[in-house]
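Engineer: here is a sequence with its predicted model. Questions after.
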Amino acid sequence: MRVACDFETRSTVDLKDTGVYPYAAHPDTDVWCLAFAVDDGPVDLWTPGMPVPAAITAAIAADAAGNPVEFRAWNANFERLIWREIMVPRYGFPPLAMERWVCTMAEALAMALPAQLGQAALVLGVTEQKDMAGKDLMQRMARPRRMEGGRPVWWDEPERKARLYAYCQQDVETERAIVPCLRRLSPTERAVYLLDQRMNDRGIAIDRPLVEAAQAIALEGTRRADAALTAITNGAVTGNKNHGKLLAWVRAQGVDVASVDKASVMQLLAGALPPAVRAALVVRAEAGRTSVAKLESMAQAAGADDRLRGLLFYHGATTGRWSGRLVQPQNFPRGEVEGVERFIPAVLDRNYDAIDLFEPPVKVVSSLLRACLVAAPGHVLVAADYSAIEARVLNWLAGQDDIVALFARGEDVYRHNAAKLYRIPLAEVQKFPHRHTGKFQELACGFQMGAKKAVIAAKDVYGLDLVAMHGSAEAAFEKAKEIVQGYRATHPAVVDLWYATERACLDAVRTPGVPRRFGAEERLTAVCAGAYLYVKLPSGRLLCYPSPKVVDAETPWSREARLEAEAARAQHLAEGCDGPPPEIPPVETKPSLEFATLNQNRQWARERTYGGKLVENIVQAVARDLMAEASIRAEAAGFAPVLLVHDEVVCETTPDADVSQFERILATTPDWARGCPIAAEGWMDTRYRK
C-alpha cells in the first residue's frame with residue numbers, strides 16, 4: 001500500500017532561514033491542510049478540526065499487522081517532521097517510523113533529475129503538472145498577513161483557502177504521476193538515504209556563546225571598517241556595502257576597473273595602486289568576508305537545544321555526493337589563522353583590540369567558524385579524512401598498478417612524482433616546490449586537464465602560482481605543459497581509461513541495450529536503456545545521464561586553433577601588415593556525448609562531456625560509495641555520524657572512543673573495491689576543526 005501526501009503550512013518562522021527542524025518545532029507553525037491519496041485512489045483533503053482520516057488510520061494499522069505501507073512525499077523530510085512535530089502531538093495522528101517514509105525527490109535526484117517538483121514534472125513530461133499559478137499564493141499564505149499585538153493574523157479568507165487546498169491536492173497528483181518514471185532506490189542506497197535522515201535528525205551542536213561573541217566582533221569590525229573607509233575617501237564612501245560609490249571613487253582616483261567584487265579587488269591589490277586606493281581596497285577585502293554571515297545562519301538555524309539539524313542534502317550532486325544546507329559546512333573557508341583557537345578567550349570577552357594586536361579580527365572570526373561546531377557535553381567529535389581518495393580510486397579503476405602499489409605501501413606518491421618531474425633523486429625532493437608540484441600533478445591532472453587550465457587550477461585550488469614561480473605567463477604555461485605531459489607519461493593506464501570510458505559511453509548510446517564493459521578488470525559498465533545512459537559502478541549503483549545523444553562537435557583543440565588564428569588575422573588587418581592575413585583553419589569535429597542536466601543557472605539544458613569528465617564523475621561517485629558504506633559501518637560500531645564534508649566523516653561519540661578503530665572502520669575495503677588502497681587519518685576533539 002502506498003500513501004502519497006503533501007502538507008501546506010504557515011508560520012511566523014522563515015523556513016529558508018531556519019530549515020525545517022526549528023520550523024516544525026515552533027509553536028507558531030501550523031498546518032493549513034494535508035492532501036493525501038491511497039494507491040491510485042482520489043486525492044482527499046484533511047484540514048484542522050477534522051478527525052484523523054480513516055484511510056490513514058487503516059493504512060497504519062495494516063502496516064502494524066505486517067502489511068508494509070509506504071508514505072510518499074516530494075522531499076519527505078519536510079512531511080515527516082511536520083507529521084512528527086505537529087500532526088501527532090497536536091492533532092492525534094498515529095506516529096510514523098522514519099522507515100515508513102519514502103522520498104520521491106530522493107529517487108529523482110538519484111536519476112540526475114531536478115530537485116524541484118515542478119521542474120522535474122516538466123522535464124519528465126508527465127500528464128499531471130505542478131500548479132505554478134498557485135505557488136505565489138502558497139508562499140504568501142505561509143507567512144502572516146500582519147502582526148497585531150504580537151500575534152499573527154493569517155490569510156484565512158475562504159476563497160484563498162480553497163485555492164490553496166486545490167494547489168496542495170495537485171502537488172499530490174504531480175508527485176504520483178512522477179513515481180512510475182523513476183527507479184526505486186536499491187536496498188543499499190535506501191540504507192544510505194536512511195543514514196542521511198538519521199544524521200540530519202541528529203545534528204551537531206553549536207557553541208552559542210562563541211557564535212554570539214564572534215558576531216559581536218564581526219559587527220565591531222564592520223563599524224570600524226566603515227569608519228576607516230569614510231576617512232580614507234573623505235566621506236565619499238561611508239560603508240563597505242556601498243559598492244557603487246566605492247567603484248565610482250576608485251575610478252575617480254584614476255584606476256580603471258569594472259567592479260569592486262572580491263575577485264576584482266584581489267586582482268587590483270596584486271598590482272600597483274595609489275596609496276589611498278590600496279588602503280580602501282584592503283579595508284574592503286577584509287570587511288567583505290561573506291563567511292561571517294554563516295554565524296547568523298548558525299544562530300537562526302540551531303534548535304532550542306543549540307543543535308544544527310538538516311545540514312546535509314542527500315544526493316546533492318549527480319555523482320551522489322552530499323551537498324550542504326543552511327550553514328553549508330561543505331564550503332567553510334579554509335582557516336587563515338594558524339592556531340586560531342587561542343583567540344577564543346578574547347573573542348568570548350569581545351575584546352576586539354586584544355585580537356587586533358595579533359591578527360585582523362574579522363580574519364580570526366572567519367577562521368573560527370569550524371570551532372563554533374562542538375560536541376555535546378560529555379562527548380567528543382571524532383573525524384577522519386580519506387587520504388587522496390580520488391587519486392587512489394582513479395589509479396585502481398584504471399589499473400595503474402605501480403601507483404596503486406605505492407599508495408598501498410604507504411609511500412609518498414607526491415614525492416615520487418616530483419622526483420620524476422624534476423629529474424632528481426627521491427632523497428633530494430623538497431616540500432616546496434618539488435612535493436607540492438608533485439601533489440598538484442597527482443590530484444589535478446587525472447581527469448584530462450590541459451596546460452592552460454592547469455595554470456589556473458594550480459594557483460586557485462592548490463596555491464601553486466606558476467607565473468610567480470617561473471617569471472612569466474609563457475614560462476608558467478610551459479611548466480604546466482611539462483606537468484601535464486609528465487602525468488600522462490607516468491600514468492598511461494589512466495590515459496587509456498579516459499578514452500575507454502568515452503568509447504564505451506558513445507558505443508552504449510549508439511547501440512541501446514548492449515552493455516559495454518571497461519576499466520581495469522571491466523569493473524565498469526555503460527548501457528543505454530530507455531531515456532538514460534547508465535554507468536554501473538563497482539558498488540552496483542548507477543550513474544545516470546538523461547536523454548543521451550551522440551553529436552558531432554568541434555574539438556577543443558580545433559576551437560582553440562581557430563580562435564588564435566582569428567585573433568592573428570584581426571591583428572594583421574588592423575595593423576595593415578603586408579601579405580595575406582593568416583588563414584582560419586577548418587573546423588575539426590569528433591563524435592561527442594551530449595546529455596540533459598541542470599546548468600549553472602539551474603535551467604534544464606543540454607551539455608557535452610568527454611572522457612576525462614566522465615572519469616571524474618565515476619571516481620567521485622565511487623569515493624562517495626566508499627564513504628557512505630563506511631559511515632554506516634561506523635554508526636553500527638557506536639560512532640554517531642553527524643556530518644559528511646567532502647571526503648571527511650565526522651561523528652559524535654564518548655571520550656573513551658578509539659580513533660585508530662575509527663580509522664580502521666573507514667579504511668576497510670568492501671568486497672566490491674578489493675585492491676583499492678584506501679587510507680584514512682583521524683582526530684578527536686571537542687570542537688570541529690580541519
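Structural biologist: Perfect, I can see it now.
Engineer: which stretches of the stretch 151-300 of the chain form strands?
Structural biologist: Here the stretch 151-300 of the chain has its strands, by DSSP state E, counting those that start in this stretch, at 151-153, 204-206.
Engineer: per-domain residue ranges of this structure.
Structural biologist: Residue ranges for the domains of the chain, per automatic domain parsing: 2-184, 206-374, 401-490.
Engineer: one step back: winner for burial among the strands of the stretch 151-300 of the chain?
Structural biologist: Mean neighbour count (mean count of other CB atoms under 10 Å) peaks for strand 204-206 among the strands of the stretch 151-300 of the chain, with a mean of 23. (Each C-beta comes from the backbone N, C-alpha and C, glycine too.)
Engineer: can you list the weak-confidence ranges in the stretch 201-350 of the chain?
Structural biologist: Along the stretch 201-350 of the chain, the parts satisfying pLDDT under 70 run over 288-291.
Engineer: any chance you could map the helices in it?
Structural biologist: 208-232, 243-252, 262-269, 275-287, 293-301, 344-348 (DSSP state H, counting those that start in this stretch).
Engineer: distance to Pro42 and mean neighbour count added to the ones you listed, as CSV?
Structural biologist: Output for the helices of the stretch 201-350 of the chain, formatted as CSV (distance: least, CB to CB, whole Å; neighbours: other CB atoms under 10 Å):
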stretch, distance to Pro42, mean neighbour count
helix 208-232, 48, 18
helix 243-252, 54, 17
helix 262-269, 54, 14
helix 275-287, 58, 19
helix 293-301, 38, 19
helix 344-348, 59, 18
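Engineer: and Val467, which of those helices is closest to it?
Structural biologist: Comparison of the helices of the stretch 201-350 of the chain against Val467 by CB to CB identifies helix 262-269 as nearest, at 12.8 Å.
Engineer: who are the packing partners of the closest one?
Structural biologist: For helix 262-269, the elements it packs on are helix 275-287, judged by 3 or more CB pairs under 8 Å, 6 or more residues apart in numbering; DSSP states H and E.
Engineer: CA atoms only for the helix it packs on, dumped as PDB, please.
Structural biologist: C-alpha atoms of helix 275-287 as PDB (Å, rounded to 0.1, in the frame of the first residue of the first chain):
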ATOM      1  CA  PRO A 275      48.200  54.500  -1.600                       C
ATOM      2  CA  ALA A 276      44.700  55.800  -0.800                       C
ATOM      3  CA  VAL A 277      43.100  53.300  -3.200                       C
ATOM      4  CA  ARG A 278      45.200  50.400  -1.800                       C
ATOM      5  CA  ALA A 279      44.200  51.400   1.700                       C
ATOM      6  CA  ALA A 280      40.500  51.500   0.800                       C
ATOM      7  CA  LEU A 281      40.600  48.200  -1.100                       C
ATOM      8  CA  VAL A 282      42.400  46.500   1.800                       C
ATOM      9  CA  VAL A 283      39.600  47.600   4.100                       C
ATOM     10  CA  ARG A 284      37.000  46.400   1.500                       C
ATOM     11  CA  ALA A 285      38.800  43.000   1.200                       C
ATOM     12  CA  GLU A 286      38.800  42.400   5.000                       C
ATOM     13  CA  ALA A 287      35.300  43.600   5.600                       C
END
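Engineer: show me how far it is from its chain's centre.
Structural biologist: Distance of helix 275-287 from its chain centroid, counting by CA atoms, centre = their mean, to the nearest Å, is 32 Å.
Engineer: and if you look at stretch 440-450?
Structural biologist: Using CA atoms, centre = their mean, the offset of stretch 440-450 from its chain centre is 21 Å.
Engineer: give the rounded mean pLDDT of it.
Structural biologist: Stretch 440-450 shows an average pLDDT of 96 in the prediction.
Engineer: just the buried residues of the helix or strand Ala574 falls within, please?
Structural biologist: Using DSSP states H and E, Ala574 maps to helix 556-575. Using 16 or more other CB atoms under 10 Å as the test for burial, helix 556-575 gives 558, 561-562.
Engineer: just the closest of the residues you listed to Gln485, please.
Structural biologist: Ala561 (18.8 Å).
Engineer: the closest residue to the closest one other than its chain neighbours: what secondary structure?
Structural biologist: When the adjacent residues along the chain are set aside, Ala561 lies closest to Pro585, with 5.3 Å between them (CB to CB, 6 or more residues apart in numbering). Three-state call for Pro585 (DSSP: H, G, I helix; E, B strand; the rest coil): coil.
Engineer: assign a three-state SS to Asp385, would you?
Structural biologist: strand.
Engineer: hey, where'd the strands end up in the stretch 401-550 of the chain?
Structural biologist: With DSSP E, counting those that start in this stretch as the criterion, the stretch 401-550 of the chain has strands spanning 516-518, 524-529, 532-536, 542-546, 549-554.
Engineer: list the buried residues for the last one?
Structural biologist: Going back to what we said before, that points to strand 549-554. Using 16+ other CB under 10 Å as the test for burial, strand 549-554 gives Ala553.
Engineer: make CSV from the helices of the stretch 201-350 of the chain and add distance to Ala574 to it.
Structural biologist: As requested, those are exported to CSV (distance: least, CB to CB, whole Å):
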stretch, distance to Ala574
helix 208-232, 41
helix 243-252, 28
helix 262-269, 27
helix 275-287, 33
helix 293-301, 47
helix 344-348, 58
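Engineer: out of these, nearest to Leu614?
Structural biologist: helix 262-269 (29.8 Å).
Engineer: quick one, that closest one and helix 243-252 angle?
Structural biologist: Inter-element angle recorded for helix 262-269 and helix 243-252: 20 degrees (by axes from the mean of the first three to the mean of the last three CA atoms, to 10 degrees).
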